[in-house]
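S.K.: got a sequence here, can you build the structure:
(chains A, B and C)
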Amino acid sequence: MSHPSSKETQDILFSIYNTLYNYYGPQYWWPGEAPFEVMIGAILTQNTNWRNVETAIKNLKEGGFLTPDRINRISVKRLQRLIKPVGFFNIKAERVKAFVRYIMREYLGDISKMKKEKTSFLRKKLLGIKGIGPETCDSILLYALEKPVFVVDAYTRRVFSRHKIIGEKDCYSEIQLVFEKNLNRDVKLFNEFHALIVRLAKDRCKAKKYECETCPLESLL
DNA sequence: TGCCAGGCCGGGT
DNA sequence: ACCCGGCATGGC
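M.R.: Numbers count the residues shown, from 1 in each chain, chains lettered A, B, ... in the order given. Here you go, the predicted structure:
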């Protein structure tokens, strides 16, 4: 996208959002209850089916491990066993540990303290943690800390490049800007929009492509 | 059976 | 600056 902000882009994004919302209804994301649970889920779901993440979250919750302090204290080996169902459990255990160390060091495990920080500051800090990339970072900011940042994922690329709103090779920040410059910076809107994109893609994508002719957005093209 | 899932890192060009 | 292999389990 050469011009990040334009009336046409605003109109099409808004009508896509409305079409999806009217078709699928509200998605009630994130499915986690507490912000800390959402954060851990964001790391665990990297390139992983959400179903597997639910199992791992359940393991953690049943063991009473779903607090910054408890995760900080258990051994990496133990953490690996608990999150085993998500796959990549060796690296993910390290990523969760690194993230929780940050929460403990900077906020003594108090998420409400973390929430008071400026978004741009948090974003930089989170991206500096090994294992937290742009999508995980922004998912944490939006779905756990309720900051108005737009989450871009593989589905967003697939759907919106198919509909010619972004280029196939556009980078993360480029895509993110298209949404953030053409929509109201509204947490509820960003929350629902990303969730609806995921819903649409799960519904209509086959084999990493997005080619369904009967998708609810087709009438907008 | 093989392919895919709500990425990210590190090493090689 | 891109490109790619590795990471690993569970479901269809």
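
S.K.: most centrally placed residue in chain A?
M.R.: In chain A, the centroid-proximal residue (Cα atoms, centre = their mean) is residue A:139; its distance is 3.2 Å.

S.K.: residues in contact with that one?
M.R.: Listed by Cβ atoms under 8 Å, 6 or more residues apart in numbering, the contact partners of residue A:139 are A:30, A:38, A:42, A:151. (Each C-beta comes from the backbone N, C-alpha and C, glycine too.)

S.K.: those residues also near DNA strand B: which ones?
M.R.: A:30, A:42 (Cβ under 7 Å from any atom of the strand).

S.K.: what helix or strand is residue A:126 on?
M.R.: Taking DSSP states H and E as the criterion, residue A:126 maps to helix A:119-127.

S.K.: residue A:81 now?
M.R.: Element membership for residue A:81, per DSSP H and E: helix A:76-82.

S.K.: so what secondary structure elements neighbour the least confident helix or strand in chain A by mean pLDDT?
M.R.: Using mean pLDDT, DSSP states H and E, helix A:154-162 stands out as the lowest-scoring helix or strand of chain A, at a mean of 89. In terms of contacts (3 or more Cβ pairs under 8 Å, 6 or more residues apart in numbering; DSSP states H and E), helix A:154-162 is packed against helix A:172-182, helix A:187-204.

S.K.: tilt between it and helix A:187-204?
M.R.: If you take axes from the mean of the first three to the mean of the last three Cα atoms, to 10 degrees, helix A:154-162 sits at 80 degrees to helix A:187-204.

S.K.: what residues does chain A have near DNA strand B?
M.R.: Near DNA strand B, when you scan chain A using Cβ under 7 Å from any atom of the strand, you find A:29-31, A:41-42, A:45-50, A:52, A:87-88, A:91, A:130-137, A:139, A:143, A:153-155, A:198, A:202, A:205, A:207-208.
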